[in-house]
Structure formats: C-alpha cells, structure tokens
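>>> Just the structure for this:
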Amino acid sequence: MKYCGCMIVVLLGIASVLPLFAQPTIAVPPAPPVDVKRAWGPEQATGAPDTPQAGDFSTAWAALQPDGGPEWLQVEYAHPVEIKEVRIRESYNPGAVTRVSAFGDDGKELTLWVGDDTTKKAPADFVATPVVRCTTKRVKIYLDTRRVLGWNEIDAVELVGMDETRQWAVKATASSTYAERPLVENPMIDIIDHPGDEFRAFINRSIICHLPGDKNLEGVLLRTGPQFLVLRNEAAHITYIVNKAQVIFAEVKQDLPVED
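Reported below is the predicted structural model:
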C-alpha cells in the first residue's frame, strides 16, 4: 500500500505540472498559392478571362514570334460534352484564327470550323460553331499570325455544351510561347536616361522604375511596347504594367549572364 501511495503522489505531481507546459493548439493558415502561370504562357489561356482590356498583357497566351505564320493553342476541359460553341476570348490583335478542331475518344482530330476570323476589336469572343456533331474535352485552335500584325493573344477559351453547360479550360499547350523566349545579350549599362524604345535592349534584366511621388517598381523587364512596360517581380508573384510616360528614369540592377 505504501508503494501504491507513492505512485499516486507521483502521478498527481506530474498532472499538476503538465498544464504549465501545455501550449494551445494554433491553427496555421495554409500558405498562399504560388502563381505558376508564366507570363504569356499557354497556361494563361486556362480558367476564366483575366485580361479586362485590350493590350499586350502577360495574362494571355502569345506565340514566340508576332508574325511567324501558323501557330496553334490546344486546350483541355474537365468533362467531355457535345459541343455547341467554342468561345475564344481574343485580347490583343484579334482576327488570326483560321480553324478550330476537336479530338474524340479515339484520338482522331475532327475539324469543327474553318474560315475567316472577323473579330476586329479586343477583348472579344470569337465564337466557333461546329459544322459537325462532336463530343470532346479537347479542342485545338489554329492561327495564321501573319493575317493580323503583332502578337495575336488569347486570354481564355470557353467550351459550351449542347446541354448548356459552360467550362473554362483546365490545361493548355501551344506550338510556341513568348514565355520560352531566349535570353537576350544586353549591353552593359547602369542607367537608362531616356525611357522609350531603348528599353528593348534591357529585356530579361532586373530594373527599378522610378515614378512620380518617390514610388519605385522593381522587376524583370519582360516586354516593352509603344506605351507600356511589363515587369515581373517573382518574389511577390506580381506582374506590373507600367506606363512609360510615368517613368522618370529606370535603373538597371541585374548583371549580364556569365558565359561558360
């Protein structure tokens, strides 16, 4: 009995100490999703449209070259349906679509529509109505990029079924993409004194754009157009569209790639 009494005392002692060390359970919020979409990659054509106005924005797919000729964008959906419409959201220089096809369960490609894309103003949907009945979850869009000068960019592709269901693409591949452009060998320079077309020489280098009000934007220069610059800050997962007219000067931060 004496031994058992000691054990009871020890257990009670441990129980009285445990609350001093116990810590409340803290719910850790999940990490925010990482933006895995590359600027101008075909994956930009998945999901709902996110390019609200016409322009050369990285939230849409663009081919590697602006006027290189035949290109294609292939998109896949979660569920196969009998197609009523394929709605192609063109966000920049529309009018280059020449053909739309689909793939059946046997993998054979079937032409749904062929002709002239009459879309003149972006952003807008070019609607391809199938001339044959087809049930699919994979669609391929062909373009002739020489028909309309400049990059012919596609923001999203909606699949409308005969049952009135509507789906956005969940996967996309393309014949080429501006996301896979080669690195440019740039001249060694530290400051850009006069913003303008000379920005083109600094593509793929990290720059700081100094704006009015002591505001600065830093990122890798992805693209330069007549009016805007596109900077990508990978650390913040943000793509900036910068009006050139607002840039006081830009400081180049990234060194040249080291050759082997």
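>>> So for this structure, the centremost residue is which one?
Closest to where the C-alpha atoms of the chain average out (CA atoms, centre = their mean) is Gln44, at 3.5 Å.
>>> what sits against Phe199?
Ile192, Leu221, Thr224, Leu229, Lys244, Ala250 (CB atoms under 8 Å, 6 or more residues apart in numbering). (Glycine included, C-beta is placed from N, CA and C.)
>>> Quick check: it is in a strand.
No: using DSSP: H, G, I helix; E, B strand; the rest coil, the assignment for Phe199 is helix, not a strand.
>>> Which stretches in this protein count as strands?
Using DSSP state E, the strands of the chain run over 70-92, 97-103, 109-114, 124-128, 135-144, 153-161, 166-168, 171-174, 191-192, 206-211, 215-224, 228-233, 238-243, 249-252.
>>> And those: which comes nearest Glu180?
Glu180 sits nearest to strand 171-174 of all the strands of the chain, at 9.7 Å, using CB to CB.
>>> Let me know the average pLDDT across that closest one.
Strand 171-174 shows a mean pLDDT of 98.
>>> So for the residue nearest to the centre of the chain, what's the pLDDT?
Note for Gln44: predicted pLDDT of 96.
>>> cool, and Ala124?
At Ala124, the pLDDT value in this model is 97.
>>> Of the strands of the chain, which stretch is the most buried?
Highest mean neighbour count of the strands of the chain: strand 153-161, a mean of 24 (counted as mean count of other CB atoms under 10 Å).
>>> Return the distance of that strand from the chain's centre.
The chain centre lies 14 Å from the centre of strand 153-161; the measure is CA atoms, centre = their mean, to the nearest Å.
>>> Do I have it right that Asn243 meets Val230?
No: the pair Asn243 / Val230 is not scored as a contact, 11.4 Å apart, by CB atoms under 8 Å.
>>> Tell me where the model's unsure across this structure.
Residues of the chain that meet the criterion pLDDT under 70 lie in 1-36, 182-197, 254-260.
>>> Got the domain ranges for it?
Listed by automatic domain parsing, the domain ranges of the chain are 42-179, 191-252.
>>> so who does Glu109 touch?
Residues in contact with Glu109 (CB under 8 Å, 6+ apart) are Ser101, Ala102, Phe103, Lys140.
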